[in-house]
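S.K.: Fold the stuff below for me.
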Amino acid sequence: MTEHAHSHGHSHGHSHSHAHGVAPDADRRWLRSALILLTAYMAVEVVIGVVAQSLALISDAAHMLTDAVSIVLALVAMRLAARPARGGYTYGLKRAEILSAQANGITLLLLSVWLAYEAVERLISPPKVTGGLVLVTALAGIVVNLICTWLLSKANRSSLNVEGAYQHILTDLFGFVATAVAGLIVLTTGFERADAIASLVVVALMLRAGTGLVRESGRIFMEAAPTGVDPDALGERLAATDEVVEVHDLHIWLITSGQPALSAHILVAPGGDCHKVRRSLQELLSGEYGIGHATLQVDHVGEQGSPDDVLTLGPRPDTGPGTGPEEQTGHCEDAHGPVHRSGPHRR
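M.R.: Next up, the predicted model:
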């Protein structure tokens, strides 16, 4: 008996993507408000940075440009992700949001390299910096970024896409604080290298935020298990369920941020109730692991009754390296992952 069960109703489609009850339209509204404010202030800051000859201000303005781009990317990705699945895109375009997050992370890393180079040059040969103008502009920038940070905090940050834009603006806020300190130091002591040092502080923050975004988006593209979920422990938990003999072909991944999915092949003891086992496993996955999109193929063990004689993922535990294909009980030619059974066993 074989049963394919797909547990991905409406509760899955919405509860994970907006876990905090924030509607997509509300997300876009908060992001658009922040975009307008950032763009207006960025234009002012570029002019003042050139007049004051402050690399810290110019670097902040450059970072604000990437902030604006990150929000535009986030808005575009939201629209694409909202489109229904059709044609060859069976999940729709939900991963457009992850592409946006990765682009945000990469721009942070690239910009940090350029700013680091410029800052080192200014440490060696510092130009004349107008400290008072830098200080006033940076203080105004702190206010603008605080407002933008608040606006984006109202959106759904469980989305890696929104989190990418949020990290851009949060990094910029810290950068403005460093620039304000640098402006105060230049104004009170005349130490002009403080401007370049402030730029290096911004660079360090960019590297940290950019690395995190690239790493997390890369995990999703590589079909890695969600952070905090141990596939081996989960497999053992499933295999320990009543009437389950073996679990293999177990795959756990993220469709997009906040939308975990799982598929597995479950072997049930002879005479066991496949329907009951499937329902109990799906309740376990949804209740304990937050995995609402689970595809389980449930089969009965063969009449032999021995777990080592049934169709399994790879060679039986007692087969050696020299065992020929005709002597193995293989589920397929290439292993898809470890085998999980109740009690001691080799994976």
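S.K.: burial of residue 47, as a residue count?
M.R.: Applying other CB atoms under 10 Å, we find 12 residues neighbouring residue 47. C-beta here means a position set from N, CA and C on the backbone, and glycine is covered the same way.
S.K.: which stretches of the stretch 151-300 of the chain form strands?
M.R.: Taking DSSP state E, counting those that start in this stretch as the criterion, the stretch 151-300 of the chain carries its strands at 244-256, 259-268, 293-300.
S.K.: can you list those in JSON lines and add mean neighbour count, distance to residue 156 and mean pLDDT?
M.R.: Written out in JSON lines, the entries for the strands of the stretch 151-300 of the chain read as follows (neighbours: other CB atoms under 10 Å; distance: least, CB to CB, whole Å; pLDDT from 0 to 100):
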{"stretch": "strand 244-256", "mean neighbour count": "22", "distance to residue 156": "12", "mean pLDDT": "91"}
{"stretch": "strand 259-268", "mean neighbour count": "22", "distance to residue 156": "12", "mean pLDDT": "92"}
{"stretch": "strand 293-300", "mean neighbour count": "19", "distance to residue 156": "19", "mean pLDDT": "90"}
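S.K.: Need the per-residue pLDDT for residue 77.
M.R.: Reading off the confidence values, residue 77 has pLDDT 83.
S.K.: May I have the residues that are in contact with it?
M.R.: Shown here is residue 77, whose contacts under the criterion CB atoms under 8 Å, 6 or more residues apart in numbering are 96-97, 99-100, 161.
S.K.: Export the strands of the stretch 151-300 of the chain as CSV, with columns for distance to residue 92.
M.R.: Compiled in CSV, these are given as follows (distance: least, CB to CB, whole Å):
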stretch, distance to residue 92
strand 244-256, 9
strand 259-268, 11
strand 293-300, 13
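S.K.: Need the contacts of residue 77 in JSON lines (columns: distance to residue 141 and neighbour count).
M.R.: Written out in JSON lines, the entries for the contacts of residue 77 read as follows (distance: CB to CB, whole Å; neighbours: other CB atoms under 10 Å):
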{"residue": "96", "distance to residue 141": "31", "neighbour count": "20"}
{"residue": "97", "distance to residue 141": "28", "neighbour count": "29"}
{"residue": "99", "distance to residue 141": "29", "neighbour count": "19"}
{"residue": "100", "distance to residue 141": "25", "neighbour count": "29"}
{"residue": "161", "distance to residue 141": "25", "neighbour count": "34"}
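S.K.: which stretches of the stretch 1-150 of the chain form strands?
M.R.: Ranges of strands in the stretch 1-150 of the chain, per DSSP E, counting those that start in this stretch, are 2-7.
S.K.: what ranges of it fall below the confidence cut-off?
M.R.: For the stretch 1-150 of the chain, applying pLDDT under 70 flags the ranges 1-26, 56, 59-60, 63.
S.K.: please redo it, this time with the cut-off set to 80
M.R.: Segments of the stretch 1-150 of the chain classed as low confidence (criterion: pLDDT under 80) are 1-27, 45, 49, 52-67, 70, 127-131, 133-134.
S.K.: tell me the contacts of the residue lying closest to residue 210 once chain neighbours are set aside?
M.R.: Closest residue to residue 210 apart from its sequence neighbours, by CB to CB, 6 or more residues apart in numbering: residue 108 at 3.2 Å. For residue 108, the contacting residues are 66, 167-168, 171, 206-207, 209-210, 213, taking CB under 8 Å, 6+ apart as the criterion.
S.K.: how far away is residue 108 from residue 219?
M.R.: The spacing between residue 108 and residue 219, counted by CB to CB, to the nearest Å, is 17 Å.
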